[in-house]
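Undergrad: just coords:
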């Protein structure tokens, strides 16, 4: 049986980048069960629109992804972007994303009536009762607030929030801005005289380590982060 070909898609600042991939292998790569992106790709071209054969310019590719290495670009598109999935794959990804959302809430949320944390099962049951939809492609940190708003009438809770400051060196600003800004609510962005970017965000307190790891990954270890405050909101 012929392997199914699908489109992997990545959105950034109004632009769309697409690649053609093998569905099963792309799913394995996205979920960490396959390491070689070369096994995933069909061809070596990044498009604005695969169906219309509109190739993306190298200038845009380097500006958004910080590299012209097709394999590094393709790996980010598959890992961070949207992927056409079978119904079974989609259900699996939704369940995994739901589990991670529940973990964040159980670590960082309290019952304002008692000051005690809510057990994961209690949060899961509230989500089920409220019929909260989970997006399989959106990062966990983007969905936490939506989940809280959806279940707060059923399960009152307050979330521990952290205000953090990050600094991104000039060479990595283009590739780091999008992923970092999606980690929480952007409070302030300032560009320094040397081209570095300073960004202040409000995030779930339990995601500070995740943010730091993402920052170091995007900046090859050169980014800086400082926790400014923590509080329940």
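TA: Okay, I see it. Keep in mind that what you see is a predicted model, and the values were worked out from it rather than measured.
Undergrad: who touches the helix or strand where residue 61 lies?
TA: Counting by DSSP states H and E, the element that carries residue 61 is helix 58-65. Identification of contacts with helix 58-65 by C-beta atoms under 8 Å, 6 or more residues apart in numbering yields 12-13, 15, 17, 46, 68, 72-73, 76, 174-175, 178. (Each C-beta comes from the backbone N, C-alpha and C, glycine too.)
Undergrad: please name every helix or strand in contact with the helix or strand of the chain with the lowest mean pLDDT.
TA: The element with the least model confidence among the helices and strands of the chain, by mean pLDDT, DSSP states H and E, is strand 109-110, at a mean of 82. Under the contact criterion of 3 or more C-beta pairs under 8 Å, 6 or more residues apart in numbering; DSSP states H and E, strand 109-110 touches strand 158-168.
Undergrad: C-terminal to the strand it packs on, what's the next element?
TA: Beyond strand 158-168 in the direction of the C-terminus, DSSP H and E gives the next helix or strand as helix 173-181.
Undergrad: in that next one, which residues are buried?
TA: By 16 or more other C-beta atoms under 10 Å, the buried positions in helix 173-181 come out as 173-180.
Undergrad: relative to residue 111, how far out is the most centrally placed residue in the chain?
TA: The chain has residue 139 as the residue nearest its centroid, 3.4 Å off, counting by C-alpha atoms, centre = their mean. When distance is defined by C-beta to C-beta, to the nearest Å, residue 139 is 26 Å away from residue 111.
Undergrad: over to residue 138?
TA: Distance check for residue 138 against residue 111: by C-beta to C-beta, it reads 26 Å.
Undergrad: make a markdown table from the buried residues of helix 173-181 and add distance to residue 162 and pLDDT to it.
TA: Putting those into a markdown table (distance: C-beta to C-beta, whole Å; pLDDT from 0 to 100) gives the following:
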| residue | distance to residue 162 | pLDDT |
| --- | --- | --- |
| 173 | 23 | 93 |
| 174 | 26 | 89 |
| 175 | 24 | 86 |
| 176 | 19 | 91 |
| 177 | 20 | 91 |
| 178 | 21 | 87 |
| 179 | 18 | 86 |
| 180 | 14 | 91 |
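Undergrad: so can I have JSON lines of the residues you listed showing distance to residue 228?
TA: Formatted as JSON lines, the buried residues of helix 173-181 follow (distance: C-beta to C-beta, whole Å):
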{"residue": "173", "distance to residue 228": "21"}
{"residue": "174", "distance to residue 228": "25"}
{"residue": "175", "distance to residue 228": "24"}
{"residue": "176", "distance to residue 228": "19"}
{"residue": "177", "distance to residue 228": "20"}
{"residue": "178", "distance to residue 228": "22"}
{"residue": "179", "distance to residue 228": "20"}
{"residue": "180", "distance to residue 228": "16"}
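Undergrad: now, which of those residues sits nearest residue 198?
TA: Proximity of those to residue 198 (C-beta to C-beta) peaks at residue 173, which lies at 10.4 Å.
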